[in-house]
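Asks: no sequence on this one, just coordinates:
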């Protein structure tokens, strides 16, 4: 992809990528934008590091599948290291995505019911490592998200009477409301 060449181009210009991200955002932040979202690939490369460096708040979407926890832990280590280098941002939480099953409270603790054994283990590990307060309500697996993408639409442009579209909207609106409370 085109983004694969960005780290090399920035390095060739003699700039650290994390500083380049901040500098590139100056015109946008001075234009009065309230929010700028970065959706980085899950890799642990310089693009993700630059995006974190430029961010005030970091929300980590994560699938509940094998290997995802290692990526989450690696990202939080990057954030810790960047904090030692002067990064002023903070982690605001983890967002489980593509979830099958339901979150329920059992013996005072949230647990995932249904889905795969691996998903339940990953959900439990997120709570163990980051605490219940850091885990947002999940975004469930649904074909409507793929249908929206293939149709060039958002879920807000799809039939709201469809129960899965309605649930998807509600779940994403809950994330937005959570983030707006942080201001």
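Replies: In hand now; what should we look at? Note that the structure is predicted; figures quoted are calculated from it, not measured.

Asks: please count neighbours and contacts with C-alpha atoms only from this point.
Replies: OK.

Asks: after the helix or strand of the chain with the lowest mean pLDDT, which helix or strand is next?
Replies: Lowest on mean pLDDT, DSSP states H and E among the helices and strands of the chain sits helix 6-12, with a mean of 53. Once the chain leaves helix 6-12, the next helix or strand it forms, by DSSP states H and E, is helix 17-30.

Asks: same for that following helix, what does it pack against?
Replies: helix 6-12, helix 46-54 (3 or more C-alpha pairs under 8 Å, 6 or more residues apart in numbering; DSSP states H and E).

Asks: now do it: distance to the chain's middle.
Replies: Its chain's C-alpha centre lies 20 Å from the corresponding centre of helix 17-30 when counted by C-alpha atoms, centre = their mean, to the nearest Å.

Asks: average model confidence for that helix?
Replies: Model confidence over helix 17-30 averages 78 on the pLDDT scale.

Asks: just the buried residues of it, please?
Replies: Neighbour counts using 16 or more other C-alpha atoms under 10 Å place 17, 18, 20, 21, 22 of helix 17-30 among the buried residues.

Asks: now render the residues you listed as a markdown table, adding distance to residue 136.
Replies: Putting the buried residues of helix 17-30 into a markdown table (distance: C-alpha to C-alpha, whole Å) gives the following:
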| residue | distance to residue 136 |
| --- | --- |
| 17 | 30 |
| 18 | 27 |
| 20 | 31 |
| 21 | 27 |
| 22 | 27 |
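
Asks: which one of the residues you listed is nearest to residue 147?
Replies: Top of the list for closeness to residue 147, among these and by C-alpha to C-alpha, is residue 21 at 32.7 Å.

Asks: report the contact partners of that closest one.
Replies: Contact analysis of residue 21 by C-alpha atoms under 8 Å, 6 or more residues apart in numbering lists 50, 51, 53, 54.

Asks: who's in contact with the closest residue to the first one other than its chain neighbours?
Replies: If I follow you right, that is residue 50. Here the nearest residue to residue 50 in space, its sequence neighbours aside, is residue 18; by C-alpha to C-alpha, 6 or more residues apart in numbering that works out to 3.7 Å. Contacts for residue 18 (C-alpha under 8 Å, 6+ apart) come out as 46, 47, 49, 50, 51, 53, 54.

Asks: which positions in the biggest helix by length in the chain come out as buried?
Replies: Longest helix in the chain, counting residues (DSSP state H): helix 163-181. In terms of neighbour count (16+ other C-alpha under 10 Å), helix 163-181 has its buried residues at 164, 165, 166, 167, 168, 169, 171, 174, 175.
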